[in-house]
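Undergrad: structure here, sequence nowhere to be found:
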């Protein structure tokens, strides 16, 4: 007798296979979400009608005591609830994101539909329908409609948790870009708990292809529909080589979807060793930064290389970036002068790690200490000095600290420049600000006075080249609005803006530092260099964009207007009307020739040096005499 071959069992289903099938089914059903939502809601309304009868009449009579026209009444009630839901946008809501706002909308639907239904039944003379049923049914329906949505969200989050293999919230990304950066990104982040559901790219040749086993789903303009269809929780922009202007438009397009937007590192960050898979938040630099200014790299290397360079305020936002930029050009020694011990330690340790062969000397010092400056300059013999030490926070310097602002910003500049001239320093570069133009606050006026003092030194000390570099707000610097907005968004808002019409010029910290280094090489004595920063940015628009890029709406995180602060003005200027501007060899770099009043600098500096303190009113009065365009703001 022949033996039957042993039966071969079917291959075992991979772990989680049924979960994947459920997810695929839910994905296929998403295009019909509105119709399915209406159908399920209608069934819930019908079911809760039966449940209300059961609660009111009891199990024995809940069906026998109904009037013969009850099915018609129920049909009318279902239609009324459906109409109310459509009018209030309930079927368009995404169940997996249900929150308190959606429950409020459901409550309004039940209140309106219940009132309309009860009124219609009574006006039609259908008195056999129990009034208690008409009164209780909206409440029962609210519990039912909210319950099915909450149950779906719980099921969906459990499904995503099981599929992602971790207990945190599921992270499903749709990636913009299908090039090499996207391929490297997919290879890296899928081992970090991410699920990449698809790629979008405008290149027609890539449509329908697969990158790293992830499909290219379509063009960028389909982002909103495809992100919703595939349940994406994040958008990742993987286009590091795009021109900055085009990349910014892609960020804005991604932000309009209402999901958190991340990006791979920029091309500059990748050149510095950042990994593509290290996705990060969109920074304001990505939105506001321009194409980098092309510098005279050879000229900078020749002017800085092999020289002893000193940076005051070396631990601050601008000072520390100056040190990083200068270190690239190989100075013989880099002297870091800083009053804050912690800031000095941080930048010196960073430079020691990144530039191990560079001679770096961290020095604690105060530009208000003239004798200390003389000893330091005499001992170290700097050849180029970058003066970044300053107090720059406008409201803090306006009242109680006005005298300290004047001593640090104006007297400190004068003393550092004077000692530089005494010790034969080749070049002295002052870091100035757009707030020095037609100043309305003590901080800006003290920096304008510093420019005047510098111009006086340039006229009287021909052995040293004195120049200033003036620029606008620096993105991400200490005291700027960017870190403040980030913290307020992280806390859930509101984001505070002083005035709806306030505007500012912006530049990135590296861009500002490169401009300063370039000016130090090509600058002529007595001149103020200015970057053509393009159009100013409305602060409220910046706040809105940051909220959107964080995946929130203005309803979730509102913007509150707090009023202009002491000394603050609505807009800043980079040039005063009297400043004559000339182009330079560097694109977007202009020069302003400042003509100071003949006796302004000595009178001002003698007054400061002769006193130990002064009231805010005295400081403002002195600055107004020395700087005719100074007009203290009053709000």
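TA: Thanks, I have it. What you are looking at is a predicted structure, and each value in this text was computed from that prediction instead of being measured.

Undergrad: so the closest residue to residue 424 other than its chain neighbours, which state does it fall into?
TA: In space, and not counting its chain neighbours, residue 424 is closest to residue 463: 6.2 Å by Cβ to Cβ, 6 or more residues apart in numbering. To be clear about C-beta, it is placed using only N, CA and C from the backbone, and glycine gets the same treatment. Here residue 463 is coil, with the state taken from DSSP: H, G, I helix; E, B strand; the rest coil.

Undergrad: tally of neighbours for residue 463?
TA: 11 (other Cβ atoms under 10 Å).

Undergrad: that one contacts residue 420, correct?
TA: No. Using Cβ atoms under 8 Å, residue 463 is not in contact with residue 420, being 9.7 Å away.

Undergrad: contacting residues around stretch 114-133?
TA: 49, 52-53, 56-57, 66-67, 69-70, 73, 76-77, 80-81, 84, 134-135, 137-138, 141 (Cβ atoms under 8 Å, 6 or more residues apart in numbering).

Undergrad: filter these to the buried ones?
TA: Among the contacts of stretch 114-133, those buried by neighbour count (16 or more other Cβ atoms under 10 Å) are 49, 52-53, 56-57, 66, 70, 73, 76-77, 80-81, 84, 134, 137-138, 141.

Undergrad: so of the residues you listed, which ones are in helices?
TA: 49, 52-53, 56-57, 70, 73, 76-77, 80-81, 84, 134, 137-138, 141 (DSSP state H).

Undergrad: which one of those residues is nearest to residue 283?
TA: For these, the minimum distance to residue 283 (Cβ to Cβ) is 44.2 Å, reached by residue 84.

Undergrad: wait, what's in contact with residue 519?
TA: 429, 467, 469, 529, 589.

Undergrad: partners of the fourth one in the sheet?
TA: On the basis of DSSP bridges, residue 529 takes part in beta bridges with residue 469, residue 591.

Undergrad: might you report the residue contacts of it?
TA: With contacts defined as Cβ under 8 Å, 6+ apart, the neighbours of residue 529 are 467, 468, 469, 470, 515, 519, 523, 584, 589, 590, 591, 592.

Undergrad: so for stretch 410-422, mean pLDDT?
TA: In this model, stretch 410-422 carries a mean pLDDT of 94.

Undergrad: likewise for stretch 203-217?
TA: 84.

Undergrad: next one: stretch 86-101
TA: 77.

Undergrad: which parts of the stretch 351-500 of the chain are strands?
TA: 360-364, 384-387, 427-433, 465-471, 473-475, 495-497 (DSSP state E, counting those that start in this stretch).

Undergrad: which stretch among these comes nearest residue 286?
TA: Nearest of the strands of the stretch 351-500 of the chain (Cβ to Cβ): strand 473-475, 9.9 Å.

Undergrad: return the backbone torsion pair for the nearest residue to residue 330 once chain neighbours are set aside.
TA: Nearest residue to residue 330, sequence neighbours excluded (Cβ to Cβ, 6+ apart): residue 305, at 4.6 Å. Note on residue 305: backbone dihedrals following degrees, to the nearest 10 are phi -60, psi 130.

Undergrad: where does residue 305 land on pLDDT?
TA: On the pLDDT scale, residue 305 gets 90.

Undergrad: what's the burial count for it?
TA: If we define neighbours as other Cβ under 10 Å, then residue 305 has 13 of them.

Undergrad: what does residue 501 give?
TA: By other Cβ under 10 Å, neighbour count at residue 501 equals 12.

Undergrad: surely it meets residue 536?
TA: No. Residue 501 is beyond contact range of residue 536, at 11.0 Å (criterion: Cβ under 8 Å).

Undergrad: before we move on, back to that, as a markdown table, the contacts of residue 519 with distance to residue 328 and pLDDT would be great.
TA: Listed next are those as a markdown table, based on distance: Cβ to Cβ, whole Å; pLDDT from 0 to 100:
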| residue | distance to residue 328 | pLDDT |
| --- | --- | --- |
| 429 | 17 | 94 |
| 467 | 21 | 89 |
| 469 | 18 | 88 |
| 529 | 20 | 81 |
| 589 | 19 | 67 |
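
Undergrad: now, which of the residues you listed sits nearest residue 329?
TA: For the contacts of residue 519, the nearest to residue 329 is residue 429 (14.4 Å; Cβ to Cβ).

Undergrad: now do the contacts for the closest one.
TA: Contacts of residue 429 by Cβ under 8 Å, 6+ apart are 384, 385, 386, 387, 467, 468, 469, 516, 519, 520, 523.

Undergrad: relative to residue 446, how far out is the third one?
TA: Taking Cβ to Cβ, to the nearest Å as the measure, residue 386 and residue 446 are separated by 19 Å.

Undergrad: check the second one too.
TA: For residue 385, the distance to residue 446 (Cβ to Cβ) stands at 19 Å.

Undergrad: and those two? which has more neighbours close in?
TA: residue 446 (30 against 27).

Undergrad: show me what contacts the spatially closest residue to the more buried one that is not a sequence neighbour?
TA: Of all residues not flanking residue 446 in the chain, residue 409 sits nearest, at 3.9 Å (Cβ to Cβ, 6+ apart). With contacts defined as Cβ under 8 Å, 6+ apart, residue 409 is in contact with 390, 391, 443, 446, 447, 449, 450.

Undergrad: and those residues, which of them are in helices?
TA: Checking the contacts of residue 409 against DSSP H, those in helices are 443, 446, 447, 449, 450.

Undergrad: so the nearest residue to residue 92 once chain neighbours are set aside, which state does it fall into?
TA: Leaving aside its sequence neighbours, residue 92 sits nearest to residue 34 (Cβ to Cβ, 6+ apart; 6.1 Å). Look at residue 34: counting by three-state DSSP, its state is helix.

Undergrad: so how many other residues sit close to residue 34?
TA: 13.

Undergrad: tell me if I'm right that it and residue 91 touch.
TA: Yes. Taking contacts as Cβ under 8 Å, residue 34 lies within contact range of residue 91: 4.5 Å.

Undergrad: got the contact list for residue 521?
TA: So, once contact is read as Cβ under 8 Å, 6+ apart, residue 521 ends up touching 296, 299, 300, 302, 303, 304.

Undergrad: how close does the first one get to residue 521?
TA: From residue 296 across to residue 521, the span is 7 Å (Cβ to Cβ).

Undergrad: likewise the third one?
TA: Distance check for residue 300 against residue 521: by Cβ to Cβ, it reads 5 Å.

Undergrad: which stretches in the stretch 251-400 of the chain count as helices?
TA: 267-271, 284-288, 297-304, 317-327, 341-354, 370-380, 394-398 (DSSP state H, counting those that start in this stretch).

Undergrad: could I get those in JSON lines, plus columns for distance to residue 566 and mean neighbour count?
TA: Output for the helices of the stretch 251-400 of the chain, formatted as JSON lines (distance: least, Cβ to Cβ, whole Å; neighbours: other Cβ atoms under 10 Å):
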{"stretch": "helix 267-271", "distance to residue 566": "38", "mean neighbour count": "14"}
{"stretch": "helix 284-288", "distance to residue 566": "25", "mean neighbour count": "21"}
{"stretch": "helix 297-304", "distance to residue 566": "40", "mean neighbour count": "16"}
{"stretch": "helix 317-327", "distance to residue 566": "22", "mean neighbour count": "23"}
{"stretch": "helix 341-354", "distance to residue 566": "26", "mean neighbour count": "15"}
{"stretch": "helix 370-380", "distance to residue 566": "31", "mean neighbour count": "15"}
{"stretch": "helix 394-398", "distance to residue 566": "4", "mean neighbour count": "22"}
